[in-house]
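*Asks:* give me a model of this one.
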Amino acid sequence: MGRVLVIGCGALAHEILALKRLNGWDHLDLTCLPAIWHNHPDRIAPGLRTLVERHRAAYPTILVAYADCGTGGGLARTCSELGVEMMEGPHCYAFFEGQAAFAARASGEIDAFYLTDFLTRQFDAFVWRPLGLDRHPELAPLYFGNYRSLVYLAQTEDAALDRQAAACAARLGLAYERRPTGYGDLAAFLAGRG
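*Replies:* Model (predicted):
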């Protein structure tokens, strides 16, 4: 098989490497853009362009393990211009659960805040501190007052992560739901490439 470069969101690195190990996909190489760029989605498409241009000569196939992630279609346009394939969908929550399943639930979960394994592990770094809640926890109701629940889309069976996600829900004053998803559409996207 030919070498395949996966350019992923740093928030997906753990999952992509796990899939690579589980499936023996030794032909896949991974490089990532910083996960924190979800807080600055204007950086994602230009960052992707830089990586594709840097690695294009070395890889016959480059895949983009990213959904739109707040780029307003900018990432899809960049991928089209560069001739690389990306994941479909608005965000990783949808492709972890599966696009169709997520879409079917969307209207009933407009007031849900989602966590993945990554966001559960990195809750303080990606949610609590960037919103200033470490300094002003009294602002939590202003940020999360219109949410009803925290839905943990669990990629793995990990009791410690489950407890951590439940603690995040409690900190935000939200009802807690754990929904096992596995790797969802990410596994299908990466399967059989190269």
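*Asks:* contacts and neighbour counts: CA atoms only from here.
*Replies:* OK.
*Asks:* now do the SS call for residue 72.
*Replies:* Classification of residue 72 using DSSP: H, G, I helix; E, B strand; the rest coil returns coil.
*Asks:* could you tell me the model confidence score at it?
*Replies:* pLDDT recorded at residue 72 is 93.
*Asks:* just give me the neighbour total for it.
*Replies:* Around residue 72 there are 12 other residues, counting by other CA atoms under 10 Å.
*Asks:* now do it against residue 44, distance only.
*Replies:* Residue 72 is 11 Å from residue 44, where distance means CA to CA, to the nearest Å.
*Asks:* which ones are touching the residue nearest the centre of the chain?
*Replies:* Nearest to the mean C-alpha position of the chain, counting by CA atoms, centre = their mean, stands residue 92 at 3.8 Å. Applying CA atoms under 8 Å, 6 or more residues apart in numbering, we find residue 92 in contact with 66-67, 69.
*Asks:* what about the residue lying farthest from the centre of the chain, distance to residue 129?
*Replies:* Each residue of the chain has a distance to the centre, and by CA atoms, centre = their mean the biggest one is for residue 138: 28.0 Å. Going from residue 138 to residue 129 by CA to CA gives 13 Å.
*Asks:* and the longest helix seen in the chain, C-alpha only, in PDB?
*Replies:* Across the chain, the helix with the greatest residue count (assigned by DSSP state H) is helix 159-172. The C-alpha trace of helix 159-172 is given here as PDB (Å, rounded to 0.1, in the frame of the first residue of the first chain):
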ATOM      1  CA  ALA A 159     -14.700   4.600  34.100                       C
ATOM      2  CA  ALA A 160     -12.300   7.400  35.100                       C
ATOM      3  CA  LEU A 161     -13.200   9.500  32.100                       C
ATOM      4  CA  ASP A 162     -16.900   8.800  32.800                       C
ATOM      5  CA  ARG A 163     -16.500  10.200  36.300                       C
ATOM      6  CA  GLN A 164     -14.500  13.200  35.000                       C
ATOM      7  CA  ALA A 165     -17.200  14.000  32.500                       C
ATOM      8  CA  ALA A 166     -19.900  13.700  35.200                       C
ATOM      9  CA  ALA A 167     -17.900  16.100  37.300                       C
ATOM     10  CA  CYS A 168     -17.700  18.600  34.400                       C
ATOM     11  CA  ALA A 169     -21.500  18.400  34.100                       C
ATOM     12  CA  ALA A 170     -21.800  19.100  37.900                       C
ATOM     13  CA  ARG A 171     -19.500  22.000  37.700                       C
ATOM     14  CA  LEU A 172     -21.600  23.500  34.900                       C
END
